[in-house]
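1. After the sequence you'll find the predicted model.
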Amino acid sequence: MKKKRNNLMKFLYLLLIFMFLYIPIMVLIAFSFNQSKLNVVWTGFTFKWYGSLLQNAGILDAVKNSFIIATISTIISVIIGTLAAIGMYRYKFKGKRIVDTILYVPLVIPEIVMGISLLAFFSIVKIPLGKVSLIIAHVTFSIAYVVAVVKTRLDGFDKSIEEVAMDLGATPLKTFFYVTLPIIMPGVIAGALLAFTLSLDDVIISFFVAGPGSVTLPLKVFSMVKFGVTPEINALSTLIILLTVVVLCFALIIRNVNINMKKIVIIMTSIFLVIGSIGGGIFTYTKNNAAPKEVLNVFNWSEYLPQSVIDKFEQTYNIKVNYSTFSSNEEMLAKLMAGGGNYDLTVASDFMVEVLSKQGLIQQINKDSLPNLSNIGPQFLNLPFDRGNKYSTPYMWLAGIISYDSSKIPEGTIKSYKDLWKPELKNSLTVLDDERVIIGMTLKMLGYSLNETSPEALQKAKEALKKLQPNIKSYDSDSPKTSLINGEAKAIFAWGAEGSLASRENPNIKYVIPSEGLFLQQDNFVIPKAAKNIKAAELFMNFIMDPEISAEISQSFPYGNPNTSAYKYIDKKILNDKAVYPPEEAVKKGEYLRDIGNSVTDLDKIWTQVK
Amino acid sequence: MTKNVFVQLLNVCKSFDQDEAIIKNLDLDIRKGEFLTLLGPSGCGKTTTLRMIAGFELPTSGEIVIDGENITQKPPYLRCVNTVFQNYALFPHMNIYDNIAFGLKMKKMPKNEIKDKVNEMLKTVQLEGYENRMPSQLSGGQMQRVAIARAVVNSPKVLLLDEPLGALDLKLRKQMQLELKHLQKILGITFVFVTHDQEEALTMSDRIVVMNKGVIEQTGTPEELYEHPKTKFVADFLGETNILEGVAFKLKEDEVLLNLYEEEDIIRIPNLNYKIGDKFIVSVRPERIRIKEDPKEGDVWLECKFKERIYVGSNIKVVMILKNGKEITVNEPIGQNFIFSDEIKNYFVTWNPNHTIVIKS
Amino acid sequence: MKTKKSRNPITKYLTSALKYLTTIMPALLWMVIFFVIPLIFIVVVSFSTRGDVGNIVYKFTFSNYIKLLNPLYINIFIKSILIAIYTTILCLIIGYPFAFIIATSPKKYKPIFLLLIILPFWTNSLVRTYSMIVLLRTEGIINTLLLHLHIINAPLNLMYNNTAVMIGMLYMMFPFMVLPLYTSLEKLDKRILDAASDLGAGPVNKFLKITLPLTKGGIISGCILVFIPTLGLFFVTDLMGGSKVILMSNLIKNQFLTARDWPFGSAISVVLIIIMLSVITFNSKASGTKGML
């Protein structure tokens, strides 16, 4: 019976591995039908996440983009790649080896290298980041795969068939279309499927070369995973998996179909019909109104402006808003420098406004177009980083607050920044992934100013931060509240609104205003110098400062609102929320970040060493 | 002189990439309506020659003329020549009808004319009813016929066949040989056939061109080549034979006596103005030789010993060893059951001197 | 008889350069413009410096590379390479028997097994990573289950560390190892193994002396297909490591997007390319072939 036991062992091993491969996916799919928001306990069966998914304009937009880009890049790479494969197969010439290498190297280069090199290339050649740059990038990595697949098919190709065709009177061109192409068609189709899938799936390269208004599905999923709170993402994942299964089955079926020109035509038409109808359906979903004439590209922090406000703006002015987000001032600066003309409007924190104006990256605003500016409280205007508000209008202000789960950490344990270093907080903190904030906070803890740059101070800060590391579980600037809500972190050091939003989900969450003094930041709207649609940008800036709109923003993202006229519309609970509107004395003790010029590199060094 | 010359190869040379020349100064005349075979061992250049006629290779120098027209530089799709390939090379993605119709389609023939011609062709190769089948559904022999039909339906001036029967089993091959010959007679098209199988060549051809290492050894009818080979190679290649070498040492009125090398065995050949001292290479076919225990005067005879006996089915081959150590093969027809009793005993192989084929050295 | 040289321009169809130019040129041109030139550009940038606010100052300097010699960065390189090596080895050890069992399973099961392997391979990589996160989180499935069964008292810290990153990489790259292994195992002529048995080799010997050497090609392909991409998978590190784990890929991403030190980021990328090239040349020498397909 040894053979039977042998087989059993083999079977078990297979089972184990397959379980490893599939259980995570199964769980994901299962919880897409779960009533509860959290992917832990099963509370009931529902389709509601699928419903809300289909309503989510952002996702549908991303799907549409992904499909368009995938289709176009597939077509281009298949044509170019097939021709190249045929050429490589047929002809011998000097330097063939070099061509061979060039065509195949993309297969073994880490994608990140391709991504950054394309980013650099596009910025030098001044190709704007958008659908075009994405298509170019996708074609670039797809060509190698198409060539590989078609070449495999060609290797088994009988050359004499081409000779026969010519013998029978077909010119080389006719031979290609009547004989060669139909026979290698399965290979070509396989290559096309591969290219299509790769394009739909690409994360790394797209991450670098996508621009505003061209968010692809994987990028959208990426941002959703970072914020991952609702199971909408599970529903989306399930749909993606379903699509993959369908495509795979299709690929398998086509293997057994006889290669025949007529059947090819039928198959291709049906593919196009299917894609066309899906695309058309999505298209109509996302374009309910008449095609807008203008487009406005807005660049803002993530989780900073509710979709409802954007929708209202679009409807009021019939201008399409392409909304992109960033997670840090530095990221915004980098993207702006790479292609400032892509954005008509962006948000910058106090010190960053200084940097931008010094760099000549932003233009002066025309106050006459901004009547709503009068709604802003005077204490928020004319601040040191932009005297006279030549470049910026205040958007929101915020303070760094420590929020914690009182069910996990007893009240009173944390009263100051210093308390974060307590050993019992080992591996329990999520903090902002922002070197200026964290290093600044450490400096403040040590008694220095937030903007201190002296070498001894920095050295002390570095030592202190090193000691804090064991307590830090993760760094997150996108959505630190997520860690607090889902229990990953027991406490977070983030902007007050995060804590406020977290406490809405979990009443156990409380906050602390650190005794050493508040970390304050004021965010402002600015218009990049190279902005294309200045009129629309100004309309938007003004729109935001409308009291009711401003209040709506505060409702979703309870940051400090400088718009005093809006206060009467804002929920009293928020106005009284200490996380959002800390007491006056604390604010007075607080500090804003300033531009520290070249010393940034010193902080860079510390940050890398410490993390 | 050249009667009815239809295809001419004039001083054709072919070499690939500065390598040694494959074809050297080839001159060949092919007559209209004949079944000509290019015969030779692998690498002799027969396939290359065929491909040059077809247009898949360009001669390095020389000219090719078909029906008075110099087609040396013409691409294959502009020549009035069609080829039947060794591995049939049927279009796998088209059915039989479309395969056969392909050439006609390229000529832009009207659809109904194509239909007529294809159907006629299917009848000719006995594949009626197979129009809608795919090549993958056919047997080797059937595919062969489709390949032939596909080429012939275009009424080419010359049909080229590159070892078309190589992949078939023996019985089928023999059958196809006859069918092809028959077909050629009916169609009247000039066939140029390439093979390395001499039996096949002998069976089917009007004329055979024996090639070796890029040159033509001899051209002639099967009988001419078999009975009167002009070179040792041809004698050896066509059919089985025994090659003996010797030198003339005695002249008689109508005979010359040759002394076979290394021994004093003597054979006699008809005297055709030879001189003493002339060197000869002669060939004797095994079927012309008899084995006797006592020779008679008037015959050529050589002393030998028995080596082995090989049963071939249609006859028995007996291998004898001459005094000088060379082997001689004899065909012993069924019925003449010679019992070789003693390996040490001397036997004699004998034949009519007129059956000695002289290939003068 | 005249002997003409075959040089009629009209019928140069067999050797005309134009023929292969039209087929290969588009692809070649595209790759040169959008692949080779950008790469060259990166190398150039790696020898420049970063301006005050993140622009590029085109002055030739080695400063970026000298900066890389800092033990801090060396550590990151070593860590990245180690994680890549561990992932590759793990994939190999787990994947080889797996591929072996499938390759030797009865014919009727093979297509199903293959389908089951390819399916995750074709599923969106982010989706797969996310599913791992769901499992490993503090309040994720595994922890909840273990707590529920009282196997542990406090939730295991499965996320945001090196282990999590490696699990994420392993999960992502596993099919990439299995497929080449499977292909080369499949091609193995069973009759050779029979011959070995006939000559007295037991199962262990058969494996070590025959199967293993003959599948060397697949092993090397698989290792390369896992090792190289692992070095660049920044989003796995990001998501599974919570920005706590920094590898070369994150470093590069940071330099390009956050710290805007493109010259420095380019220098790191060049190092990455050099690592990759050495792996490939090592591979060609080891297996004696050029090109990996």
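-> Alright, I've got the coordinates.

2. The stretch 1-150 of chain B: helices as residue ranges?
-> Using DSSP state H, counting those that start in this stretch, the helices of the stretch 1-150 of chain B run over residues B:46-54, B:96-106, B:111-124, B:140-152.

3. Next one: the longest one, is it in contact with chain A?
-> In this case it means helix B:111-124. No. On the criterion Cβ under 8 Å from any Cβ of the partner chain, helix B:111-124 is out of touch with chain A, staying 12.9 Å away. Heads up, the C-betas are built off the backbone N, CA and C, glycines and all.

4. In that helix, which residues are buried?
-> B:114, B:117-118, B:121-122, B:124 (16 or more other Cβ atoms under 10 Å in any protein chain shown).

5. Between the residues you listed, which sits nearest chain C?
-> The nearest member of the buried residues of helix B:111-124 to chain C, counting by Cβ to the nearest Cβ, is B:Ile114 at 26.7 Å.

6. For that closest one, give its distance to B:Thr124.
-> 15 Å (Cβ to Cβ, to the nearest Å).

7. secondary structure element for A:Glu585?
-> helix A:584-589 (DSSP states H and E).

8. Serialize the helices of the stretch 1-150 of chain B to TSV and add fields for mean pLDDT.
-> Formatted as TSV, the helices of the stretch 1-150 of chain B follow (pLDDT from 0 to 100):
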stretch	mean pLDDT
helix B:46-54	92
helix B:96-106	90
helix B:111-124	92
helix B:140-152	91
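
9. Touching the helix holding A:Glu585 from outside, list them.
-> Applying Cβ atoms under 8 Å, 6 or more residues apart in numbering or on different chains, the contact partners of helix A:584-589 are A:399, A:513, A:517-518, A:520.

10. Near residue 72, how many other residues are there?
-> Since you didn't name a chain, this refers to chain A. Per other Cβ atoms under 10 Å in any protein chain shown, the neighbour tally for A:Ile72 reads 17.

11. that's the wrong chain, I meant chain C
-> C:Leu72 has 14 neighbours, counted by other Cβ under 10 Å.

12. what about it, which helix or strand?
-> Here C:Leu72 is assigned to helix C:71-103, by DSSP H and E.

13. Provide the backbone phi and psi angles at A:Leu15.
-> Note on A:Leu15: its backbone torsions stand at phi -60, psi -40 [degrees, to the nearest 10].

14. Which pLDDT does the model give it?
-> In this model, A:Leu15 is scored at 88, pLDDT.

15. ok, it to C:Phe176 distance?
-> Noted for A:Leu15: a distance of 21 Å to C:Phe176, by Cβ to Cβ.

16. where exactly do the strands run in the stretch 101-250 of chain B?
-> B:158-162, B:190-195, B:207-212, B:215-220, B:242-251 (DSSP state E, counting those that start in this stretch).

17. Flag the shaky bits of the chain, pLDDT-wise.
-> The chain I'm using is chain A. Chain A contains residues with pLDDT under 70 at A:1-2, A:37-41, A:94, A:212, A:227-230, A:252, A:254-268, A:275-276, A:278-293, A:338-341.

18. oops, I was thinking of chain B
-> Residues of chain B that meet the cut-off, pLDDT under 70, sit at B:1-3, B:18, B:253-266, B:268, B:271, B:295-300, B:333-344, B:360-361.

19. domain parsing for it?
-> B:5-230, B:242-360 (automatic domain parsing).

20. Let me know which of those is tucked in deepest.
-> Mean neighbour count (mean count of other Cβ atoms under 10 Å in any protein chain shown) peaks for domain B:5-230 among the domains of chain B, with a mean of 19.

21. Kindly check the end-to-end length of that domain for me.
-> The first and final residues of domain B:5-230 sit 23 Å from each other (Cα to Cα, to the nearest Å).

22. hmm, that domain in reach of chain C?
-> Yes. Domain B:5-230 lies within reach of chain C by Cβ under 8 Å from any Cβ, at B:10-11, B:13, B:58-63, B:72-75.
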